[in-house]
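Chemist: Below: sequence and its predicted model.
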Amino acid sequence: MSNLFVELKTPVTGAYKQPTGLFINNEFVEGVDKKTFEVINPATEEVICSVSEATEKDVDLAVAAARKAFKGEWRKVSPAQRGRLLNKLADIAEQNTDVLAAVESLDNGKSITLAKGDVAGVVGCLRYYAGWADKVEGKTIDIEPDMFHYTRHEPIGVCGQIIPWNFPLLMLAWKIGPALATGNTVILKTAEQTPLSGLVFAQYVKEAGFPPGVLNIISGFGKVAGAAISSHMDIDKVAFTGSTVVGRQIMKAAAASNLKKVTLELGGKSPNIVFNDADIEQTISWVNFGIYYNHGQCCCAGSRIYVQEGIYDKFVAAFKARAEANKVGDPFHPETFQGPQVSQLQYDRIMGYIETGKKEGATVATGGARHGDKGYFIQPTIFTDVTNKMTIMQEEIFGPVCAIAKFKDEEEVIELGNDSTYGLAAAVHTKDLNTAIRVSNALHAGTVWVNCYNLLNTALPFGGFKASGIGRELGEAALANYTQNKSVAIRLGGAMFG
Ligand code: NAD
């Protein structure tokens with residue numbers, strides 16, 4: 001085994017071969033400066049292994065490979081063949097579900113059950129975009145008798161993609177699916193907290209038959225490799241998922257370099273609204289899933305819960321009991337629902353928000369402390385007695401922490417729900433169809449769930465209003481992020497200007 005692979009073990013796979021290099025031009029390579037960084041298991045706080053760290057020089061090499069592929073071999077691959085390659089990649093990922101899911105659990109801390117769900121989402125996403133590859137169509141536009149006008153949707157070129165650590169594989173699939181289906185080439189940087197599953201996946205890119213340079217996957221830090229991508233003069237587009245703070249930096253870097261196209265999928269502080277007539281048992285399950293799924297590390301987490309006054313007391317008591325029953329612990333235990341937060345930094349940030357909530361006068365109804373004595377585990381936490389002005393009602397906590405507020409009527413809850421700089425998602429729980437539709441229409445959010453939460457589908461666009469982002473991922477809408485319109489006007493003869 002070369003020094004760019006290490007043998008690791010998980011309870012699901014036993015020993016497996018973990019790539020540790022940078023995946024550039026269909027090969028694993030060391031970084032030019034031979035730098036590496038350690039990857040930590042968030043459940044044990046122990047080092048799993050070290051991986052190569054990409055610097056600006058490696059980004060340059062990856063960009064050169066992607067540019068060469070874009071101008072050369074990839075250009076000659078037909079749209080239908082691009083679809084076949086994506087389908088092949090999906091098949092290989094599906095055959096390797098166990099290893100991909102296990103590596104995700106090991107590195108990110110999410111439960112193995114959720115990780116398998118993520119891999120199924122990856123496979124579905126790649127197949128969905130494989131289907132689009134040969135269905136990207138322009139128009140003929142009939143406007144003048146002696147002219148022929150048509151439009152083409154051409155690939156943008158070399159795309160930089162920067163993804164977060166909360167869904168390492170799923171975010172990778174959401175990014176590469178539409179980009180490759182539409183004929184672009186890609187340099188994708190995984191998050192420094194979770195590089196391992198992307199490197200396992202990289203092996204399948206070559207196996208599926210993608211030409212060298214079409215999809216490059218590198219590990220590295222935001223301030224180095226991420227910044228090099230967003231400011232690169234030969235990257236035509238950057239797509240980012242992560243914090244709003246970094247989203248702003250990426251836009252600035254894009255503006256200051258070559259004005260590359262930018263799409264952003266940022267944070268949220270999503271309202272989850274429960275009316276008096278909601279089915280309380282069902283609603284509690286959805287509200288629980290809405291905030292505690294993936295340990296609260298979801299951009300669309302339903303972290304502000306508004307409950308109508310008629311059922312408020314009953315709801316709080318029942319929801320508290322439900323949250324306390326969530327199984328927190330070893331990601332590899334089949335019954336675990338909530339694993340550790342991804343890193344010490346995230347753990348500290350979340351505990352900081354819990355302290356701020358207490359200081360600002362909110363009541364901890366349950367949780368509020370560390371779970372266990374090893375690993376970055378936090379108890380499922382509920383605050384009550386909150387006002388919309390409090391920090392915990394305005395800022396994204398990105399952990400297993402929510403706050404419940406009481407409301408009187410529809411008008412008030414629409415005001416409260418929209419009182420946020422974010423606008424990613426929202427939910428309404430009611431048996432009244434009119435209320436459901438009226439409130440959904442009035443909420444400023446890219447996605448509104450009714451009587452459910454966190455049900456995403458590859459075919460349904462996802463993205464934010466307000467400071468939650470620019471552009472839409474998933475669905476047909478995502479194709480627009482990776483194509484540019486060309487209008488062709490052909491003169492069919494006759495004298496100039498008639
Ligand atoms: P982050 O935004 O710093 O990191 C996300 C990605 O951006 C990583 O790949 C990182 O390396 C990269 N990055 C960081 N700085 C960069 C820069 N200057 N230029 C280019 N790329 C850069 O997120 P974080 O610090 O890991 O988490 C902080 C907060 O962000 C979380 O608490 C949460 O609120 C939010 N977050 C949101 C999402 C989401 O899905 N919207 C995901 C992760 C984190």
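Modeler: Arrived safely, thanks for sending.

Chemist: Nearest to the ligand: which residue in the stretch 301-450 of the chain?
Modeler: Ranking the residues of the stretch 301-450 of the chain by distance to the ligand (C-beta to the nearest ligand atom) places residue 398 first, at 3.6 Å. (Glycine included, C-beta is placed from N, CA and C.)

Chemist: does that residue sit in a helix, a strand or a coil?
Modeler: coil (DSSP: H, G, I helix; E, B strand; the rest coil).

Chemist: where does the stretch 151-300 of the chain come near the ligand, residue by residue?
Modeler: 162-166, 189, 191-192, 221-223, 226-227, 230, 241-243, 246, 249-250, 265-267, 299 (C-beta under 6 Å from any ligand atom).

Chemist: and the residues you listed, which are buried?
Modeler: Burial of those was assessed by neighbour count (16 or more other C-beta atoms under 10 Å); the buried members are 162-166, 189, 191-192, 221-222, 226-227, 230, 241-243, 246, 249-250, 265-267, 299.

Chemist: which stretches of the stretch 151-300 of the chain have low pLDDT?
Modeler: When the per-residue scores of the stretch 151-300 of the chain are filtered using pLDDT under 70, no range remains.

Chemist: mind listing the strands for it?
Modeler: In the stretch 151-300 of the chain, the strands defined using DSSP state E, counting those that start in this stretch lie at 158-162, 185-189, 215-218, 237-241, 261-265, 271-274.

Chemist: I'd like to know which of those lies nearest to residue 10.
Modeler: Go through these one by one with C-beta to C-beta and the one that ends up closest to residue 10 is strand 215-218, at 20.5 Å.

Chemist: Identify the residues contacting the closest residue to residue 185 other than its chain neighbours.
Modeler: Closest residue to residue 185 in three dimensions, ignoring its sequence neighbours and counting by C-beta to C-beta, 6 or more residues apart in numbering: residue 66, at 4.0 Å. Taking C-beta atoms under 8 Å, 6 or more residues apart in numbering as the contact definition, residue 66 lies against 158, 185-187, 213-214, 216.

Chemist: Among these, which one lies nearest to the ligand?
Modeler: The nearest one, if we look at the contacts of residue 66 relative to the ligand and count by C-beta to the nearest ligand atom, is residue 187, at 12.3 Å.

Chemist: Which residues are in contact with the closest one?
Modeler: 59, 62-63, 66, 158-161, 216, 218, 229, 235.

Chemist: Turn these into TSV, columns for distance to residue 487.
Modeler: Supplementary listing: the contacts of residue 187 in TSV, determined by distance: C-beta to C-beta, whole Å:
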residue	distance to residue 487
59	33
62	32
63	29
66	27
158	23
159	23
160	27
161	28
216	32
218	36
229	30
235	25
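
Chemist: how distant is the strand or helix carrying residue 405 from the center of its chain?
Modeler: Under the criterion DSSP states H and E, the helix or strand holding residue 405 is strand 401-407. Distance of strand 401-407 from its chain centroid, counting by C-alpha atoms, centre = their mean, to the nearest Å, is 25 Å.

Chemist: avg pLDDT for it?
Modeler: Confidence for strand 401-407, expressed as mean pLDDT, is 98.
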